[in-house]
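J.: Fold the stuff below for me.
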Amino acid sequence: MKRIVLALGLITLLIGVTIISISSIRVPDPLHSTSTVFKGKISNESKPILVLEDVQKGKNISLSITLQNSLDLLNVRILNPKGTLLIDQNSSQAFFTTIIPTISGNYSAVLTNLKNEDIYTNSMFASSVLFDNNKNPKIEIYTILVGVIILLIGIATCIFWIILEFFERLRVRTRYKQVP
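T.: Numbering: from 1, shown residues only. Below is the predicted model of the structure:
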C-alpha cells in the first residue's frame, strides 16, 4: 500500500508540474508580473489607480470594468509611462478595451466617480491574453489553477507517504527492541 501511495504522489506531482509548465508557456509575462484588480466602491473623494508595471512595448494590455448598477457613471483614463492620455472615456455600462503599448514602462488606469452616489465596480487591468472576445477570463488562468491544485495534492500525498514510512520504521524498531 505504501508503494501505491508513493507512486500516486509522485505521479500527481509530475502531472501538476507538467500542467503548470505547459499552461505558463502560453501565457505571456504580464500575467506573472503585472495584473491589477480592484473590487469595491468608488466615492467622490477616491480615485482608484490600477498600475501595470514593466509593460513591454507591443504586448497587448486590457482593462475590464463591470459596474454593479447601470445608472452609475464612471470616467476611465489610461495613461502611458510618460503621462500621455491614451483613453479618456465616460461609461455607464461594462467597459472593456485593449491597447497595444507603443513604449515600455508602467501604465496606469484611473477610475473616477462622476456621480454623487458610491459606485461599486469589479475592475481588472492586465494582459489582454487573459480575456476572450466575450470579456471573460481565458482558460489558461483556470488551467494554471488546476495545475497548482494537483501539485498541492501530490505534495500532500508524498507527505502522507513520509508519515506512513516513519511510523512503519518506528514500529519495526520498537518490535526489535522488545524481542529478548
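
J.: Which positions in stretch 72-79 come out as buried?
T.: Using 16 or more other C-beta atoms under 10 Å as the test for burial, stretch 72-79 gives 72, 74, 76-79. All C-beta spots, glycine's among them, are computed from the backbone N, C-alpha and C.

J.: okay, and the helix or strand of the protein with the least pLDDT?
T.: helix 29-33 (a mean of 44; mean pLDDT, DSSP states H and E).

J.: so who does the closest residue in space to residue 61 that isn't next to it in sequence touch?
T.: For residue 61, ignoring the flanking residues on the chain, the nearest one in space by C-beta to C-beta, 6 or more residues apart in numbering is residue 99 at 5.5 Å. Applying C-beta atoms under 8 Å, 6 or more residues apart in numbering to residue 99 gives the contacts 60-63, 78, 86-87, 107.

J.: Flag the least confident of the buried residues of stretch 72-79.
T.: Lowest in pLDDT among the buried residues of stretch 72-79 is residue 72, which has 73.

J.: any idea whether that residue is helix, strand or coil?
T.: Of the three states, residue 72 takes coil under DSSP: H, G, I helix; E, B strand; the rest coil.

J.: Same question for residue 81.
T.: Under three-state DSSP, residue 81 falls in the coil class.

J.: re the thing from before, out of the buried residues of stretch 72-79, the closest to residue 2 would be?
T.: Nearest to residue 2, judged by C-beta to C-beta, of the buried residues of stretch 72-79 is residue 78 at 57.1 Å.

J.: in the chain, what spans have low per-residue confidence?
T.: Along the chain, segments meeting pLDDT under 70 span 23-35, 70, 127-141, 178-180.

J.: how about the helices of it, start to end?
T.: 2-26, 29-33, 139-178 (DSSP state H).

J.: Reformat those as CSV; add mean neighbour count and distance to residue 95.
T.: Converted to CSV, those look like this (neighbours: other C-beta atoms under 10 Å; distance: least, C-beta to C-beta, whole Å):
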stretch, mean neighbour count, distance to residue 95
helix 2-26, 15, 26
helix 29-33, 16, 19
helix 139-178, 13, 20
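
J.: could I get these as CSV with distance to residue 117?
T.: Listed next are the helices of the chain as CSV, based on distance: least, C-beta to C-beta, whole Å:
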stretch, distance to residue 117
helix 2-26, 41
helix 29-33, 34
helix 139-178, 32
